[in-house]
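> no sequence on hand, only this structure:
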Ligand code: NAD
């Protein structure tokens with residue numbers, strides 16, 4: 001991927017939080033950015049504006065990543081405009097926490113469908129294009145708990161551990177076509193996803209982080225941008241933990 005080629009970057013869940021941070025970080029690399037989101041188009045417009053202010057161009061489209069049909073249409077729209085896809089970042093994710101004895105079937109299905117099947121849908125939709133290009137970067141956002149486990153999040157932990165397995169499978173399958181696939185596993189980051197935690201739970205969490213602070217969207221985005229860069233060409237099938245030392 002030569003630097004002078006304007007790369008097309010697809011980011012799922014880019015309307016806020018970590019996904020917005022990833023869009024912003026790629027804006028500074030002069031790429032053409034497309035992101036999707038589930039709801040709240042005002043937030044998506046804010047991401048577009050933030051990227052424009054950083055000198056980039058981003059287009060947000062409402063897509064449910066759990067729907068193969070919607071994802072296929074999203075990728076078709078992108079290809080109509082740019083004819084290429086250089087980087088796919090699977091960041092969209094949700095939580096539906098609860099103890100296993102009380103976890104509803106719908107909470108299991110929603111989390112697995114969006115987090116894991118959504119990642120599969122997006123990878124599948126871009127693979128043919130990346131294979132033809134004989135180049136591509138797939139970066140999947142898992143979580144520290146996908147490696148460490150966490151009580152009250154069996155569905156989420158399963159989806160995030162599944163993303164790691166999916167990434168390794170794809171990394172081996174697509175390496176001969178010049179495509180890499182890696183995982184970024186964030187620790188605790190202050191976003192809408194974690195906002196419902198009580199102050200006490202947050203304090204407790206921070207006390208377990210050797211670097212003594214919560215992560216930022218920028219911390220996570222920096223690892224994603226690195227994995228998409230020429231410098232990361234020989235890295236595939238890996239899990240990069242960005243967690244302040246919370247889990248080693
Ligand atoms: P967030 O809730 O702030 O943002 C989630 C984004 O995903 C939004 O843009 C939302 O529109 C989008 N989204 C949700 N469902 C979707 C769907 N069905 N189709 C398309 N888009 C959808 O969350 P966040 O904290 O920014 O998390 C981003 C990713 O990082 C998630 O995969 C999450 O699991 C992971 N993560 C977050 C933390 C944390 O502490 N915040 C820690 C580890 C991992």
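Happy to help now that I have it. Keep in mind that what you see is a predicted model, and the values were worked out from it rather than measured.
> what is the strand ranked longest in the chain packed up against?
If you go by DSSP state E, the chain has its longest strand at strand 179-186. Judged by 3 or more CB pairs under 8 Å, 6 or more residues apart in numbering; DSSP states H and E, strand 179-186 is in contact with helix 118-133, strand 136-141, helix 154-174, helix 217-227, strand 239-242. Yep, even glycine has a C-beta here, placed from its N, CA and C like the rest.
> repeat that for 7 Å
strand 136-141, helix 154-174, helix 217-227, strand 239-242 (3 or more CB pairs under 7 Å, 6 or more residues apart in numbering; DSSP states H and E).
> need the contact partners of that strand.
Contact partners of strand 179-186, identified using CB atoms under 7 Å, 6 or more residues apart in numbering, comprise 18, 130, 136-144, 146-147, 163-164, 167, 170-171, 174, 215, 220, 223-224, 227, 235-243.
> contacting residues for residue 99?
residue 152.
> for residue 75, which non-adjacent residue is spatially closest?
residue 125 (4.2 Å; CB to CB, 6 or more residues apart in numbering).
> mind checking pLDDT for the most centrally placed residue in the chain?
Geometric centre of the chain, nearest residue: residue 91, 1.9 Å, by CA atoms, centre = their mean. pLDDT for residue 91: 98.
> list the contacts for it?
Taking CB under 7 Å, 6+ apart, one finds 11, 12, 13, 18, 19, 22, 141 in contact with residue 91.
> from residue 8, how far off is it?
Remark: distance between residue 91 and residue 8 (CB to CB, to the nearest Å) = 16 Å.
> drop anything exposed from the contacts of strand 179-186.
For those, a burial check counting by 16 or more other CB atoms under 10 Å picks out 18, 130, 136-144, 146-147, 163-164, 167, 170-171, 174, 215, 220, 223-224, 227, 236-243.
> the helix or strand of the chain with the lowest mean pLDDT near the ligand anywhere?
When the helices and strands of the chain are scored by mean pLDDT, DSSP states H and E, helix 199-207 comes last with a mean of 89. No - judged by CB under 6 Å from any ligand atom, helix 199-207 makes no contact with the ligand; its nearest approach is 9.1 Å.
> contact partners of that helix?
188, 212, 213, 214.
> and those, which two are the farthest apart?
The largest separation in these, counting by CB to CB, is between 188 and 212 at 11.9 Å.
> so between the two, which is more surrounded?
Between residue 188 and residue 212, residue 188 has the larger neighbour count (other CB atoms under 10 Å), namely 21 against 9.
> OK, contacts around that one?
194, 205, 209, 214, 215, 246.
> now intersect the residues you listed with the helices, please.
residue 205 (DSSP state H).
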